[in-house]
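Enquirer: Pasted the sequence and its predicted model underneath.
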Amino acid sequence: MMTPRRSVLKSGATLLAGAMASGATRALAAPPTPQPTPIPTTPAPGRTTDLNSRRPAPGDRKFTSPAVEERIRQVSAQVADPELAWMFANCYPNTLDTTVWMGTVEGKPDAFVITGDIPCLWLRDSSAQVWPYLPLAKDDPQLQALFNGLIARQARCLLIDPYANAFMQDPQARTNLSWALHDQTDMKPGVAERKWELDSLCWTLRLAAGYWQATQDKRPFDELWANGARAALRTIREQQRLHDHGPYAFRRPDGNATETLMLFGYGAASRKVGLIHSMFRPSDDACTFPFLIPANLFAASALKGLAKVAAEARGDTALARDAMALSLELDRALLDYGQMAGPDGNPVWAYEVDGFGNGFFMDDANVPGLSSLAYLGAVPRNDPLFRRTEALAWSSRDPYFFKGAAYEGIGGPHAGLGMIWPMSMIIRALSSDSPAEILGLLRSLKATHAGTGFIHESFQQDNPGEFTRSWFAWANSLFGELIIDVNRRFPTLLSQKL
């Protein structure tokens with residue numbers, strides 16, 4: 001069964017404005033029903049790209065931040081390539097322009113941030129979508145309201161069900177995602193999809209720690225947040241499965257192996273070694289082996305962030321102590337069970353293992369993956385183990401590394417073979433210290449937006465006009481983050497036309 005995340009738009013086809021992606025996409029309703037930014041038809045080969053703004057008109061934008069608008073002006077002025085500057089100005093504010101619904105709950109801000117073409121809040125996506133705005137939040141009260149509202153919304157989501165990956169805007173509503181209607185799991189009101197993905201909880205902890213570090217604002221770290229954090233910590237502990245298989249099980253009766261779990265919904269067998277079981281990857285695809293190493297590394301880092309926020313923002317020594325203890329357990333287990341021998345005999349991080357000595361190497365463009373570990377702060381960027389792992393992931397040793405006539409990058413099972421995810425190229429550039437490599441990646445990103453001015457989920461390795469998801473806010477935010485990062489670290493790269 002095809003989901004909106006897999007619907008492919010062909011080169012030369014008219015992109016739908018005011019609808020939910022392609023004709024294969026379900027029409028989904030959430031109160032209020034979001035509508036995508038109108039996007040024009042992909043230009044024919046040889047046609048000059050129209051560089052008029054693709055943002056909604058100011059009165060149609062969902063959220064506006066003066067600090068973000070000023071950052072767009074500042075950075076765009078430093079980008080000599082007109083098309084790259086145009087892409088930045090379209091992409092960087094896309095989350096704010098199109099995916100944020102602000103409200104209040106009990107007199108406090110509430111922010112519901114949809115993923116784009118699916119009108120639901122993914123814990124992972126919503127955290128990642130707003131992450132590039134964190135450096136501006138200290139001096140922008142409107143951004144502070146957004147972050148306060150999203151941190152509170154995520155805490156309420158965790159208290160509904162910490163095993164869910166996606167949520168409805170109405171906490172009393174049943175899912176209207178057609179592919180989730182018949183899932184065999186404990187679906188609760190307010191849950192849109194209930195795939196247990198360890199990284200979902202890690203992203204919420206990372207966002208809280210990032211906001212605290214950027215602003216020192218204690219307002220979001222109230223008892224609601226603490227209860228949500230405790231629910232996350234309890235769930236991560238449960239999924240160590242040291243005594244039993246825990247309360248989570250999931251089966252989807254659609255016949256697609258990436259959408260369901262074996263062994264009555266509990267996943268593949270594992271040896272109890274202290275690592276955390278994750279039944280699904282950040283791509284929302286099922287894990288092959290239950291210990292997803294990038295997610296466990298992310299968890300070890302995110303738990304340290306939780307300990308810092310709990311101690312500094314709340315003086316909650318018990319929560320801080322529990323989070324740090326679990327983080328240190330993960331550090332030890334990862335050293336013992338998270339690595340494998342590379343082709344030259346030197347160790348690299350494995351992608352998934354089972355604790356019995358079985359595992360395999362691959363990478364997936366979604367974050368966390370092996371290539372994104374330094375970006376997340378889960379490993380030092382100059383760590384030789386990480387750099388060996390990253391190099392192997394960007395090679396033919398990775399079955400999901402795709403190389404076409406002009407472009408190369410990492411994909412994954414989710415969108416299919418030969419489908420490169422621009423997200424992988426962005427992460428590669430954010431993790432790179434080589435100006436020449438970054439320049440090449442910027443050229444590829446500029447050449448593969450298919451005339452839309454936005455970053456897509458994936459594109460066919462030999463035909464960027466064949467792509468998935470014309471409205472994918474996370475990828476757009478990440479591209480904006482990249483341009484700001486390059487402007488900070490290597491400004492001369494942006495002072496030339498690509």
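Expert: All right, it came through fine.
Enquirer: got the contact list for the most centrally placed residue in the chain?
Expert: Nearest residue to the geometric centre of the chain (Cα atoms, centre = their mean): D125, 4.5 Å. By Cβ atoms under 8 Å, 6 or more residues apart in numbering, the contact set of D125 is 113, 115, 473-474. The way it works is simple: take the backbone N, C-alpha and C, and place the C-beta from them, glycine included.
Enquirer: try 7 Å this time
Expert: D125 makes contact with 115, 474, according to Cβ atoms under 7 Å, 6 or more residues apart in numbering.
Enquirer: Please report phi then psi for it.
Expert: Here is the backbone geometry of D125 (degrees, to the nearest 10): phi -60, psi -50.
Enquirer: Likewise for F467?
Expert: Dihedral angles (degrees, to the nearest 10) for F467: phi -140, psi 170.
Enquirer: I'd say it and H456 touch.
Expert: Yes: contact between F467 and H456 holds when scored by Cβ atoms under 7 Å: they sit 4.1 Å apart.
Enquirer: Okay, now the unreliable bits of the stretch 351-498 of the chain?
Expert: Within the stretch 351-498 of the chain, no range satisfies pLDDT under 70.
Enquirer: who's more crowded, F467 and H456?
Expert: Using other Cβ atoms under 10 Å as the criterion, F467 and H456 rank with F467 on top: 29 against 26.
Enquirer: and that one, what does it touch?
Expert: F467 neighbours (Cβ under 7 Å, 6+ apart): 9, 450, 456, 458-459.
Enquirer: right, and out of those residues, which lies closest to G345?
Expert: S458 (33.5 Å; Cβ to Cβ).
Enquirer: Distance-wise, check S283 relative to A137.
Expert: 29 Å (Cβ to Cβ, to the nearest Å).
Enquirer: out of these two, which sits in the busier spot?
Expert: A137 (23 against 20).
Enquirer: Helix, strand, or coil at the more buried one?
Expert: In three-state terms, and counting by DSSP: H, G, I helix; E, B strand; the rest coil, A137 is helix.
Enquirer: my read: it touches Q213, true?
Expert: No: judged on Cβ under 7 Å, A137 makes no contact with Q213 at a distance of 10.5 Å.
Enquirer: quick one: low-confidence parts of the stretch 101-250 of the chain?
Expert: Judged by pLDDT under 70, the stretch 101-250 of the chain has no weakly predicted residues.
Enquirer: what ranges do the strands span in it?
Expert: Using DSSP state E, counting those that start in this stretch, the strands of the stretch 101-250 of the chain run over 108-113, 121-122, 166-167, 191-193.
Enquirer: would you turn these into CSV with mean neighbour count and distance to G59?
Expert: Listed next are the strands of the stretch 101-250 of the chain as CSV, based on neighbours: other Cβ atoms under 10 Å; distance: least, Cβ to Cβ, whole Å:
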stretch, mean neighbour count, distance to G59
strand 108-113, 20, 20
strand 121-122, 27, 25
strand 166-167, 27, 29
strand 191-193, 25, 29
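Enquirer: got CSV for those, with distance to G369 too?
Expert: Output for those, formatted as CSV (distance: least, Cβ to Cβ, whole Å):
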stretch, distance to G369
strand 108-113, 22
strand 121-122, 16
strand 166-167, 20
strand 191-193, 20
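Enquirer: so who does the closest residue to Q154 other than its chain neighbours touch?
Expert: In this structure, Q154 finds its nearest non-sequential neighbour in T204, 4.7 Å apart by Cβ to Cβ, 6 or more residues apart in numbering. Contacts for T204 (Cβ under 7 Å, 6+ apart) come out as 123, 127, 154, 158, 232.
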